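Undergrad: Can you look at this prediction? I've put the sequence above it.
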Amino acid sequence: RAAGPADPAGAPAPRTRTDAEGASHPPQARRPGEKPPEPSGRPTTAPHGPAAHPYDTESRPDPERTPGALLQASPNHAAADPVTLLAAAELTRSCCLFSPPRSDRSARILQPALLNATGAVLVTTADPDLWRQTVGNRSKHGPVHVFDPLHLLDTPARLRWAPHSGCEDPRAARSRARALLAPLRTPATDRHPEESAAHAAAHTLLRCWLHAAALDGRPFHHVHRWAAGKDLHEADRVLRTARHSAAGWSGEPASVLAGHPKLRSAALGLVRTALSPLSELHIRDACTPTSRSESFDLESFINERGTLYVMGATAENPRSHPGATPLLTALASNVVEHGRRMAALSSAGRLDPPMLCLLDDVAALAPLPELPELMAVGPSAGMPVLAVLRSEEQALHRWPTRDARAVTAAADLRLAYP
């Protein structure tokens with residue numbers, strides 16, 4: 001049909017609802033003050049196959065959240081399609097966008113969502129154009145940081161970030177090790193006892209080495225050296241003698257390395273694969289701040305409404321060729337965890353203004369292990385999420401089945417865009 005006032009750029013209108021008898025019902029506008037209809041109880045799965053509509057979408061009422069508060073849009077946009085709403089208002093809830101890699105989603109959805117954000121923004125993307133089209137406006141809003149270890153962008157100002165920063169705290173060391181290993185974990189991991197044991201042992205080694213390097217002020221590439229089997233006595237010494245070393249951690253690496261040869265080999269292989277990007281000089285430099293002035297102050301970044309672009313290339317088979325995905329995942333996870341801590345410590349229990357987490361092609365670029373929980377509780381903590389996936393199947397191949405279903409089920413808005 002011809003484009004009307006609610007059809008910008010000739011975009012088709014949202015699909016009408018069809019009941020069990022096949023009767024078609026167009027969307028009905030509500031009068032001011034009228035309550036939204038009760039939820040139908042239908043599963044909120046995005047459609048698949050040739051019949052999928054360009055703007056096929058479902059939003060779920062949440063008994064703990066205010067219905068209708070998904071987007072802060074003006075009344076002029078009330079009847080617009082979901083893409084128009086995303087482009088015209090600040091996102092305040094969680095949105096799961098299903099879209100293939102070569103769509104125009106960046107121009108239609110991601111760039112407007114980024115520019116509409118009033119607070120800090122975490123961006124993960126493999127699309128240089130998203131940075132080019134938004135960095136100018138965002139730099140007027142607050143400080144801009146770019147973590148680009150592969151040098152995909154034409155910019156001299158790149159953030160250097162040490163992946164073991166803050167790992168003096170054992171909780172940070174655990175979380176960081178989990179994030180670095182996350183791209184190497186698959187849904188099959190938990191179904192196979194040997195593989196699950198190897199990941200647990202790898203996590204033990206990595207969290208202990210991150211903790212030791214942070215306590216002793218070592219650069220991150222020392223963790224890479226220890227994973228290669230060089231100077232392991234250094235890490236053991238730090239864990240034994242450092243004043244603030246985590247209790248009980250000093251003997252754990254030696255215990256893993258003295259264990260069954262097959263388990264030891266598998267665990268070391270996982271750690272070495274996760275840290276393999278450090279063999280490239282420019283990636284190692286990106287993980288080595290040269291002075292305190294280069295350190296990334298997350299609290300200032302959030303308070304000053306900054307923008308962090310985490311730029312990289314997608315990894316289709318990270319278990320054998322991870323690229324920089326472990327480092328990208330670790331940085332994004334660090335920002336999310338710090339934001340959640342700041343929200344928990346604030347008087348309102350949330351970030352204000354909110355920090356948008358714009359996670360483009362998240363499963364192949366930076367598969368955050370905490371994404372399922374973030375989709376559910378992030379908005380209430382002032383951390384709305386726009387997570388882009390190619391399909392539900394991609395999520396099922398990246399996270400354990402229960403977590404993958406939680407990523408999509410917890411979203412307030414589910415949108416399929418071709």
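TA: That came through fine.
Undergrad: mind checking how far the longest helix along the chain is from the chain centre?
TA: Taking DSSP state H as the criterion, the chain has its longest helix at helix 193-215. From the chain centre to the centre of helix 193-215 is a distance of 22 Å (C-alpha atoms, centre = their mean, to the nearest Å).
Undergrad: just stretch 101-118 next, same as before
TA: Its chain's C-alpha centre and that of stretch 101-118 lie 16 Å apart, by C-alpha atoms, centre = their mean.
Undergrad: Also stretch 326-339?
TA: With C-alpha atoms, centre = their mean, you get 7 Å for stretch 326-339.
Undergrad: Likewise for stretch 322-329?
TA: Relative to its parent chain, stretch 322-329 has a centroid offset of 12 Å by C-alpha atoms, centre = their mean.
Undergrad: Tell me the buried residues in the longest helix of the chain?
TA: 195, 197-199, 201-215 (16 or more other C-beta atoms under 10 Å). For every residue, glycine as well, the C-beta is placed using N, CA and C.
Undergrad: Ok, stretch 145-163 next?
TA: 145-150, 152-153, 155, 158-163.
Undergrad: And the residues you listed, which is closest to residue 127?
TA: When the buried residues of stretch 145-163 are compared for distance to residue 127 (C-beta to C-beta), residue 152 wins out at 9.6 Å.
Undergrad: Return the residues in contact with the closest one.
TA: Contacts for residue 152 were tallied using C-beta atoms under 8 Å, 6 or more residues apart in numbering; they are 126, 128, 311-313.
Undergrad: let's see it at 6 Å
TA: Shown in contact with residue 152 (C-beta atoms under 6 Å, 6 or more residues apart in numbering): 128, 311.
Undergrad: Out of the buried residues of stretch 145-163, show me where the pLDDT dips lowest.
TA: Checking pLDDT across the buried residues of stretch 145-163, the minimum falls on residue 155 at 89.
Undergrad: Is the residue nearest to that one when sequence neighbours are not counted bridged to anything, and to what?
TA: Nearest residue to residue 155, sequence neighbours excluded (C-beta to C-beta, 6 or more residues apart in numbering): residue 146, at 5.9 Å. For residue 146, the beta-bridge partners are residue 309 (DSSP bridges).
Undergrad: Contact partners for residue 146?
TA: Contacts of residue 146 by C-beta under 6 Å, 6+ apart are 155, 158-159, 309.
Undergrad: Equivalent analysis for residue 163, please.
TA: Contacts of residue 163 (C-beta under 6 Å, 6+ apart): 220, 287, 330.
Undergrad: Strands - which of these land there?
TA: Residues from the contacts of residue 163 lying in strands, with DSSP state E as the criterion: none.
Undergrad: measure residue 93 to residue 361 for me?
TA: 21 Å (C-beta to C-beta, to the nearest Å).
Undergrad: Domains in this structure, by residue range?
TA: What automatic domain parsing lists as the domains of the chain is 54-63+71-159+298-416, 170-283.
Undergrad: Is residue 386 within a helix or a strand, and which one?
TA: Element membership for residue 386 (DSSP states H and E) is strand 385-389.
Undergrad: Which strands border that strand, and is each parallel or antiparallel?
TA: Counting by DSSP bridges, strand 385-389 is paired with strand 94-98 (parallel), strand 356-359 (parallel).
Undergrad: Just the C-alpha atoms of the last one, please, in CSV.
TA: Taking C-alpha atoms only, strand 356-359 is exported to CSV below (Å, rounded to 0.1, in the frame of the first residue of the first chain):
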residue,chain,number,x,y,z
LEU,A,356,22.4,2.3,27.3
CYS,A,357,24.0,-1.0,26.4
LEU,A,358,23.9,-1.2,22.6
LEU,A,359,25.2,-4.7,21.7
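Undergrad: picking up where we left off before, which of the strands paired with strand 385-389 sits closest to residue 416?
TA: Nearest of the strands paired with strand 385-389 (C-beta to C-beta): strand 94-98, 4.5 Å.
Undergrad: Which other helices and strands does the following helix or strand past that closest one contact?
TA: Next helix or strand after strand 94-98 toward the C-terminus (DSSP H and E): helix 105. Packed against helix 105 by the contact rule (3 or more C-beta pairs under 6 Å, 6 or more residues apart in numbering; DSSP states H and E) you find no helix or strand.
Undergrad: Nothing else from me, thank you.
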